[in-house]
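[1] I would like the atomic coordinates for the input below:
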Amino acid sequence: MQERFKQLLEEKNLTATRFAAMIKVNASAMSHILNGRSKPGFDVLDKIAQAFPDVNLNWLISGKGSLYNNRISTPAKEVEKIPVQKNLFEEAHKMTKEIIEENEEMNINYQAQFGLCVTYLLETEDGKQITIKIKGDATDEEKEQINEVAKAFADYYCDDVCTVVFQIWRRNGFNRAYIEYSERSAYQNKKRSFYDFDEGYLKDCYVRYRKDA
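    Next comes the predicted model:
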């Protein structure tokens, strides 16, 4: 992330001190971020969103997409179709609190989990907004697979906004994530859809997905 911060400052032709002043944070805090000694928290990201609404914060955090929010050409459409980034971070903050409260025994780090929640508040190319919640520990590779499975669910069901919950389950030699989807009925969710990480296979009565298919 620190390299993307440096790229942003270079693109904006700003020094670290000037950038810190513009987003109203302590210069030493910005220095720590640029040196990789700390990661930006909710307050810093929120201030960047307010000071630089043209900057794609999903790119800044995860490296996905481009530096600028340039998918929509006209300002009017941009207001209508691109979610306000401040709202995205408020949702990520809410998600993080819920996950920490539901998994108190795991001593989850807030900043690390917040970064994950922001990353998994995704938008597909057709404008659908997907909220992904992961309960339990997942590796980086498993998180990438979860992304793709969530998109498959959204393609089948979602018209606008949806939530996909993945409960990590590791027993008897199996590595799976059981899935609940907000747009499905309680009856459909009771059928216990799951994704097998080792096989790269989704078991679901309606949605089809296989890794590398």
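
[2] where does the chain have its least confident helix or strand?
    helix 75-81 (a mean of 33; mean pLDDT, DSSP states H and E).

[3] how about the longest strand seen in the chain: buried residues?
    Secondary structure assigned by DSSP state E gives strand 161-171 as the longest strand of the chain. Buried residues in strand 161-171, counted by 16 or more other Cβ atoms under 10 Å: 162, 163, 164, 165, 166, 168. In short, each C-beta sits where N, CA and C put it, glycine included.

[4] ok, residues contacting that strand?
    128-138, 142, 146, 149-150, 153-154, 176-183, 194-195 (Cβ atoms under 8 Å, 6 or more residues apart in numbering).

[5] Show me what the mean pLDDT comes to for it.
    Average pLDDT, strand 161-171: 87.

[6] can you check stretch 140-148 too?
    pLDDT averaged over stretch 140-148 gives 85.

[7] Which residue ranges of this protein form strands?
    121-123, 129-135, 161-171, 174-181, 194-196, 201-203.

[8] re earlier: just the buried members of the contacts of strand 161-171?
    By neighbour count, with 16+ other Cβ under 10 Å, the contacts of strand 161-171 hold 128-135, 138, 142, 146, 149-150, 153-154, 176-181, 183, 194-195 as buried.

[9] what's the spacing between the nearest residue to residue 51 once chain neighbours are set aside and residue 48?
    Nearest residue to residue 51, sequence neighbours excluded (Cβ to Cβ, 6 or more residues apart in numbering): residue 23, at 4.7 Å. From residue 23 across to residue 48, the span is 5 Å (Cβ to Cβ, to the nearest Å).

[10] ok, these two, which is more surrounded?
    Neighbour count, other Cβ atoms under 10 Å: between residue 23 and residue 48, residue 48 has more, with 22 against 18.

[11] Does that one touch residue 54 like I think?
    No: using Cβ atoms under 8 Å, residue 48 is not in contact with residue 54; the gap is 10.9 Å.
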